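J.: from the sequence below, what's the structure:
(one chain, ligands or ions: 1)
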Amino acid sequence: MKFFLDTADLNEIEEAASWGALAGVTTNPSLYARIGGKLSDFHNHIKRICDIVDGPVSAESVAMTRDEIVRDGRELAAIAPNVVVKVPTMVEGLAATHTLAAEGIPVNMTLCFTVPQAILAARSGARYISPFVGRFDDISEDGIEQLGNVVAAINNYDFTPNTVNGEQVEIIAASIRSANHVTQAALMGADIATVPFGVLKKMVAHPLTDRGLDAFMKDWEKVQNA
Ligand code: E4P
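T.: Got it, this is the predicted structure:
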């Protein structure tokens, strides 16, 4: 499993990149708004992220028609070679993905919740598919079970010919809210988990690690004073 950071915050991205386990970044309009992002600075901001991260950086189109999404997608892809255009799962999004993929522009199909949506995304040429986990949990449904269904269904088929540059479509477990979500997503074979920085920090920690470290430090003091 690879880890992407789900944020538009440059400090978080720089810190996570310094840990050496960061394979990419996903942003969305809400995450950009959360850091006080301005429309006029959006492309520059994506460029700054691309300069930090040696991996795919998803930048979302907010257009609603296929022609506008394609235009948006071309502009976003021109920012840097590692930009991936994030496109919502909808009819216009599928049509735009079909065009963008044919031009060699990688698409991350977002707001994906069901198996049929995921298969349509893969058929349209999406390079990445992002099934959302936490938002199912928010409405008292089992997001992990839904993710498992998407992973199993996509892995039943070979979508290689439908993706950019012959690369296999990859599933990004998205809307991740806990380290346990990451565990479950890894066990079911999701290719990538995109996680908020808070979850990434929690993934490192365990109370037994803290307890063990504390005991080692105390015993080492005894050795020093012996
Ligand atoms: C995916 O790429 C989205 O940016 C993200 O994972 C959404 O997560 P949320 O449901 O916590 O907003």
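
J.: all strands of the chain, in order?
T.: According to DSSP state E, the chain carries its strands in the segments 2-6, 22-26, 57-60, 83-88, 107-112, 128-131, 170-173, 192-195.

J.: what pairs with the fourth one, parallel or antiparallel?
T.: Spelled out, it's strand 83-88. strand 57-60 (parallel), strand 107-112 (parallel) (DSSP bridges).

J.: mind putting the ones you listed into CSV with mean pLDDT, distance to the ligand and mean neighbour count?
T.: To be clear about C-beta, it is placed using only N, CA and C from the backbone, and glycine gets the same treatment. Formatted as CSV, those follow (pLDDT from 0 to 100; distance: least, CB to the nearest ligand atom, whole Å; neighbours: other CB atoms under 10 Å):
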stretch, mean pLDDT, distance to the ligand, mean neighbour count
strand 57-60, 98, 6, 27
strand 107-112, 98, 5, 26
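
J.: beta-bridge partners for the residue nearest in space to the middle of the chain, please?
T.: Centroid-nearest residue in the chain: residue 194, 3.6 Å away (criterion: CA atoms, centre = their mean). In this structure, residue 194 bridges to residue 4 when assessed by DSSP bridges.

J.: correct me if wrong: it contacts residue 172.
T.: Yes: counting by CB atoms under 8 Å, residue 194 touches residue 172, with 5.3 Å between them.

J.: show me the common contact partners of the two, please.
T.: 4, 26, 130 (CB atoms under 8 Å, 6 or more residues apart in numbering).

J.: what's the burial count for the second one?
T.: The reference is to residue 26. 26 (other CB atoms under 10 Å).

J.: beta partners for it?
T.: residue 6, residue 58.

J.: surely it meets residue 108?
T.: Yes: the pair residue 26 / residue 108 is scored as a contact, 7.0 Å apart, by CB under 8 Å.

J.: who touches both of these two?
T.: Shared contacts of residue 26 and residue 108 (CB under 8 Å, 6+ apart): 58, 86, 130, 172.

J.: of the residues you listed, buried ones?
T.: The neighbour-count criterion (16 or more other CB atoms under 10 Å) marks 58, 86, 130, 172 among those as buried.

J.: apart from its neighbours in sequence, what residue is nearest the third one?
T.: Nearest-residue entry for residue 130: residue 174, 4.1 Å, with adjacent residues in sequence omitted and distances by CB to CB, 6 or more residues apart in numbering.

J.: lovely, talk soon.
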